[in-house]
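**Q** output the structure for:
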Amino acid sequence: MSTQTIRLPDDKHQRLKALAEARRISVDKLIDELATIALANHDARLRFEARARKGNAWRAADVLETLGDS
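**A** Sure thing, here's the model as predicted:
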């Protein structure tokens with residue numbers, strides 16, 4: 001495990017600290033959870049973009065049109 005020092009404005013640090021306290025976890029754990037969410041979102045976007053590049057725009061339009069008829 002590595003150690004990372006981050007610089008935050010005081011007000012942001014206080015808000016994160018309050019959020020962590022409300023969730024009954026440490027600020028370190030909160031930052032870890034937030035980083036996990038950010039990475040999962042990033043990975044999902046990369047997978048989506050890779051699949052979109054392989055896709056067929058006409059077929060996608062047909063599917064969306066079909067869904068619109070529901």
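**Q** which strands and helices sit next to the helix or strand containing Thr36?
**A** Using DSSP states H and E, Thr36 maps to helix 27-54. Secondary-structure packing of helix 27-54 (3 or more C-beta pairs under 8 Å, 6 or more residues apart in numbering; DSSP states H and E): helix 10-23. Every C-beta, even on glycine, is put in place using the N, C-alpha and C of the backbone.
**Q** contacts for the helix it packs on next, please.
**A** Leu8, Ser26, Val27, Lys29, Leu30, Ile31 (C-beta atoms under 8 Å, 6 or more residues apart in numbering).
**Q** pick out the most distant pair among those residues.
**A** Spanning the widest gap among the contacts of helix 10-23 are Leu8 and Lys29, at 16.3 Å by C-beta to C-beta.
**Q** picking up where we left off before, which of the contacts of helix 10-23 ranks first by neighbour count?
**A** Leu30 (17 neighbours; other C-beta atoms under 10 Å).
**Q** against Leu46, how distant is it?
**A** Between Leu30 and Leu46 the computed distance is 25 Å (C-beta to C-beta, to the nearest Å).
**Q** now do Ala60
**A** For Ala60, the distance to Leu46 - C-beta to C-beta - is 19 Å.
**Q** for Ala38, same thing?
**A** 13 Å.
**Q** repeat that for Arg15.
**A** For Arg15, the distance to Leu46 - C-beta to C-beta - is 30 Å.
**Q** repeat that for Leu8.
**A** From Leu8 to Leu46 the distance is 27 Å (C-beta to C-beta).
**Q** and what of Arg23?
**A** From Arg23 to Leu46 the distance is 29 Å (C-beta to C-beta).
**Q** check Trp58 too.
**A** Using C-beta to C-beta, Trp58 is found at 24 Å from Leu46.
**Q** could you give the number of residues near Arg59?
**A** Neighbours of Arg59 (other C-beta under 10 Å): 9.
**Q** which SS class is it?
**A** helix (DSSP: H, G, I helix; E, B strand; the rest coil).
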